[in-house]
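> Got a predicted model here, sequence first, then my questions.
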Amino acid sequence: MKLNFTGFSDPGLIRSNNQDAYYIDPNGRFFVVADGMGGHAGGEEASRIAIKEIQAYLGANWQSSKSSQELLEQALWRANQAILQDQQNHPERADMGTTVVAVIFRAPESPWCAHVGDSRLYRFRESQLEQVTEDHTWVARAIKVGEITLDEARSHPYRHILSRCLGREDLHEIDLQPLDVKVGDRLLLCSDGLTEELVEDKIASCLQDTPWVVDKAAISLVEAAKQHGGHDNITVVILSLEENSH
């Protein structure tokens, strides 16, 4: 199985700066999307620090005996600590934080995903789009316990309130899960600038209309989000799992 991958980030139509960041390991080992918050400089800095720390830790410890799950978890804890340290050094950025979603491919183990916040991982398989991660937000919890409907959540005034993000002393848990993938699947990592604008049917149709051409799919998703308003920064990373060509 070989991986075909691409990433694309756009500030959207309203914001002048881009607080999203992403990283794609050139060797296809790991992929990260982060969406910063906390004022103009703070959000950009938080997502940048998270990406830098995760990349550095995974790169340095790739050959270690730790499992993929341990590696990924440690990388995110390191990122959290680095943001907290930066907040101490720069009190003007004390309220900054970032979401993060990361996927690691480390043979012979199955791939793993880690996430904090509402940046998401989706799996697209046989024309079906499935959200793999669960948002750490007030509305996600309210939907789960039946307080509000999915439709109400889309315009709820609390929809941006995170229950978890990197850059908090009270972060006690990082969600980790092994991924079930097979040839033909596509994985989509994205910030909420995409999912705030596009319903899942639209995301699925953008992926469906561009089979195997990951660059086109990424641009198509970002452009569609901008056509729906582009109120936030939009970042997508797409991985396509393909047959090894002989």
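Received it, and whenever you're ready, just let me know what you need.

> what's the offset of the helix or strand of the chain with the lowest mean pLDDT from the middle of its chain?
Across the helices and strands of the chain, mean pLDDT, DSSP states H and E gives its lowest value to helix 150-154, namely a mean of 84. Mean-position distance between helix 150-154 and its chain equals 21 Å (CA atoms, centre = their mean, to the nearest Å).

> same deal with stretch 174-187?
13 Å.

> any idea of the mean pLDDT for that stretch?
For stretch 174-187, mean pLDDT rounds to 97.

> Using neighbour counts, pick out the buried residues of that stretch.
If you call a residue buried by 16 or more other CB atoms under 10 Å, then stretch 174-187 has these buried ones: 174-176, 179, 181, 185-187. Every C-beta, even on glycine, is put in place using the N, C-alpha and C of the backbone.

> now do stretch 122-136
122-124, 129, 132-133, 135-136.

> Turn those residues into JSON lines, including pLDDT.
What follows is these, written out as JSON lines (pLDDT from 0 to 100):
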{"residue": "122", "pLDDT": "98"}
{"residue": "123", "pLDDT": "98"}
{"residue": "124", "pLDDT": "97"}
{"residue": "129", "pLDDT": "98"}
{"residue": "132", "pLDDT": "98"}
{"residue": "133", "pLDDT": "98"}
{"residue": "135", "pLDDT": "96"}
{"residue": "136", "pLDDT": "96"}
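
> okay, and for this protein, where does confidence drop off?
Along the chain, segments meeting pLDDT under 70 span 40, 246.

> what ranges do the helices span in it?
For the chain, applying DSSP state H gives helices covering 40-61, 68-89, 138-144, 150-154, 192-195, 200-208, 214-227.

> can I get those in TSV with mean neighbour count and distance to residue 115?
Below are the helices of the chain laid out as TSV (neighbours: other CB atoms under 10 Å; distance: least, CB to CB, whole Å):
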stretch	mean neighbour count	distance to residue 115
helix 40-61	21	12
helix 68-89	19	9
helix 138-144	16	12
helix 150-154	12	18
helix 192-195	26	12
helix 200-208	18	17
helix 214-227	20	19
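
> any chance of the ones you listed in CSV, plus distance to residue 3?
Output for the helices of the chain, formatted as CSV (distance: least, CB to CB, whole Å):
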stretch, distance to residue 3
helix 40-61, 16
helix 68-89, 15
helix 138-144, 29
helix 150-154, 32
helix 192-195, 21
helix 200-208, 16
helix 214-227, 10
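
> Nearest to residue 116, out of the ones you listed?
Evaluated with CB to CB, the helices of the chain place helix 68-89 nearest to residue 116, the distance being 6.6 Å.

> And the furthest pair within the buried residues of stretch 122-136?
Checking the buried residues of stretch 122-136 with CB to CB, the most distant pair is 124 and 136, at 22.6 Å.
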